[in-house]
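> any chance you can model this:
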Amino acid sequence: MKNLKKYLKLEFHREYEIGQDVSHYLKNNMNQDIDDFVECIICICMIKYFVHSGEDLTIAIIIAHGYSTASSIAEASNRMLNSYIFDAIDMPLDVDVQAITRKINDYIAYVGNISKLYLLVDMGSLEEIYQGLDTSNADIALVNNINTKCALEIGQGIKLNKTVTEVIDSILKENIYKTHVELKKKKEPIVICSCASGLGAAHKIKEILFNSLPEDSNLKIITYDYPALIRKQVYDQLMNDYEVICVIGTLDPNIESMKYIGIQELIINEGQNAIEIYFGKYMKKEQMEIFEKNILRNFTLSNVMNNLTILNPDKLLEHVAKAIDHLQNILHKRFKNRTCFGLYVHICCLVERLVTRQAISNFTDQDFKEKHQEFIDQVNISMKEVKTYYNVEIPDEEVEYIYNYIIND
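The predicted model follows:
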């Protein structure tokens with residue numbers, strides 16, 4: 001039941017909060033406890049009653065001077081539309097616009113992320129109220145000189161899920177209202193491929209992922225250098241410019257608000273749920289089925305290795321698997337399957353970089369060598385056969401990425 005409540009709060013935030021208000025009201029007036037099950041039923045009833053939920057959350061607020069003007073218009077409109085569309089803020093004559101702006105901002109924060117905001121006001125003093133609102137990610141429409149007829153037309157447009165521009169254009173066909181529309185910046189959805197093994201590996205993962213997309217998909221895939229991705233200024237710029245669906249790669253950047261799917265999870269078929277959740281918004285059902293089938297086919301260990309390295313993948317994997325087994329014995333630790341597969345991919349790419357003289361030359365933690373010399377020695381011991389066969393030495397900077405894999409095990 002707790003998981004259900006968590007899901008309802010996340011996906012239907014507005015309905016959940018109003019359901020909580022109803023539950024508290026009933027508790028206080030019935031003098032009886034209401035358990036989680038009943039609270040969930042109340043929330044589900046709210047979901048059935050409301051027009052919009054989840055990602056497409058639309059808020060319409062009527063603001064008018066007087067003690068009940070806005071409430072009267074909102075109540076009449078909601079009844080005639082047979083849906084809860086409008087909220088109301090009654091504005092006493094002695095209250096200034098700044099106080100109302102604060103009230104709207106508090107309400108927006110209470111409701112959660114919104115995609116569309118309609119403000120219906122009754123006179124010129126409220127025309128600039130949108131300028132003080134915290135709604136950078138929402139389309140905003142302000143309509144002045146409103147009445148019940150105008151509210152009904154807007155409410156009907158909201159019920160039909162029209163865009164803000166379509167709704168405003170429809171009310172201006174036969175009536176004269178002063179309006180203002182601000183559309184949010186449309187961010188292009190992207191997938192980021194990033195690999196601790198370097199940009200070369202990231203480009204190859206991108207190619208496999210691109211070949212897995214349905215033919216009619218236009219999702220954009222970009223590559224990013226892992227050390228650059230984990231820098232805050234780079235992350236902030238990406239989030240400002242794009243709608244980041246997720247990062248797919250070999251090492252989790254551990255950025256709280258950035259979703260991540262490890263390539264090793266795709267290899268061992270543990271990433272399907274994440275694929276459905278992260279990509280479901282951007283693909284139709286038929287596209288998603290094709291995408292998931294292609295992921296299963298393309299992200300096998302043999303296919304990934306054939307794409308990621310120019311070396312003989314079978315021989316390389318044989319040496320690397322022995323090295324990882326040896327390392328586990330030295331550390332007295334057994335790695336999880338996803339960690340092993342991640343290390344297979346990473347170390348194979350590492351060996352290719354060493355052979356082609358493209359090794360990583362910078363630490364992400366400048367004190368790594370001083371703090372983890374014992375681990376560096378253990379990796380070099382376990383990798384002795386690999387080093388001898390391919391005639392390479394493993395830089396300490398490369399060992400740091402192996403260490404990051406293992407501590408995230």
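> so where's the stretch 301-409 of the chain uncertain?
The stretch 301-409 of the chain contains residues with pLDDT under 70 at 359-364, 409.
> and the helices in it?
If DSSP state H, counting those that start in this stretch is used as the criterion, the helices of the stretch 301-409 of the chain fall at 301-308, 313-331, 337-355, 368-371, 373-382, 384-390, 396-407.
> so who does Ile73 touch?
Applying C-beta atoms under 8 Å, 6 or more residues apart in numbering to Ile73 gives the contacts Ile62, Ala64, Phe86, Ala88, Leu120, Ile146, Asn147, Thr148, Ala151. Every residue, glycine included, has its C-beta placed from N, CA and C.
> my read: Phe86 touches Ser77, true?
Yes - using C-beta atoms under 8 Å, Phe86 is in contact with Ser77, at 5.4 Å.
> list residues touching both of these two?
Shared contacts of Phe86 and Ser77 (C-beta under 8 Å, 6+ apart): Ile62, Ala151, Gly155.
> among the contacts of Ile73, which lie within strands?
Ile62, Ala64, Phe86, Ala88, Leu120 (DSSP state E).
> per-residue confidence at Ala74?
In this model, Ala74 is scored at 91, pLDDT.
> gap between it and Phe86?
4 Å (C-beta to C-beta, to the nearest Å).
> overlap of the contact sets of the two?
If you check Ala74 and Phe86 against C-beta under 8 Å, 6+ apart, the residues they both contact are Ile62, Ala151.
> how about the helices in the stretch 1-150 of the chain?
Along the stretch 1-150 of the chain, the segments classed as helices by DSSP H, counting those that start in this stretch run 2-11, 13-30, 36-49, 69-81, 97-111, 148-159.
> just these: most buried one?
Comparing these by mean neighbour count (mean count of other C-beta atoms under 10 Å), helix 148-159 comes out on top with a mean of 20.
> ok, residues contacting that helix?
51-52, 58, 60, 62, 73-74, 76-78, 80-81, 83, 85-86, 116, 118, 120, 143, 166-167, 170-171, 175, 177.
> what packs against the helix or strand bottoming out on mean pLDDT in the chain?
Taking mean pLDDT, DSSP states H and E as the measure, the helix or strand of the chain with the lowest value is helix 2-11, at a mean of 71. Here helix 2-11 touches helix 13-30, helix 36-49, going by 3 or more C-beta pairs under 8 Å, 6 or more residues apart in numbering; DSSP states H and E.
> if we go to 7 Å?
Counting contacts by 3 or more C-beta pairs under 7 Å, 6 or more residues apart in numbering; DSSP states H and E, helix 2-11 is packed against helix 36-49.
> hmm, back to that, mind checking which of the contacts of Ile73 are buried?
Neighbour counting by 16 or more other C-beta atoms under 10 Å classes Ile62, Ala64, Phe86, Ala88, Leu120, Ile146, Ala151 among the contacts of Ile73 as buried.
> next, format the residues you listed as TSV and append distance to Phe210.
Below are these laid out as TSV (distance: C-beta to C-beta, whole Å):
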residue	distance to Phe210
Ile62	48
Ala64	53
Phe86	46
Ala88	50
Leu120	46
Ile146	49
Ala151	48
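> in CSV: those, plus distance to Glu318 and pLDDT.
Output for these, formatted as CSV (distance: C-beta to C-beta, whole Å; pLDDT from 0 to 100):
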residue, distance to Glu318, pLDDT
Ile62, 71, 92
Ala64, 76, 88
Phe86, 68, 90
Ala88, 71, 88
Leu120, 70, 91
Ile146, 74, 87
Ala151, 72, 92
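> which among the helices of the stretch 1-150 of the chain is found nearest to Glu289?
Among those, helix 2-11 comes nearest to Glu289, with 22.7 Å by C-beta to C-beta.
> now do the closest one: everything it contacts.
Tyr16, Asp36, Cys40, Cys43, Gly54 (C-beta atoms under 7 Å, 6 or more residues apart in numbering).
> repeat that with 8 Å
Helix 2-11 is contacted from outside by Glu15, Tyr16, Gly19, Asp36, Glu39, Cys40, Cys43, Ile44, Ile47, Ser53, Gly54, using C-beta under 8 Å, 6+ apart.
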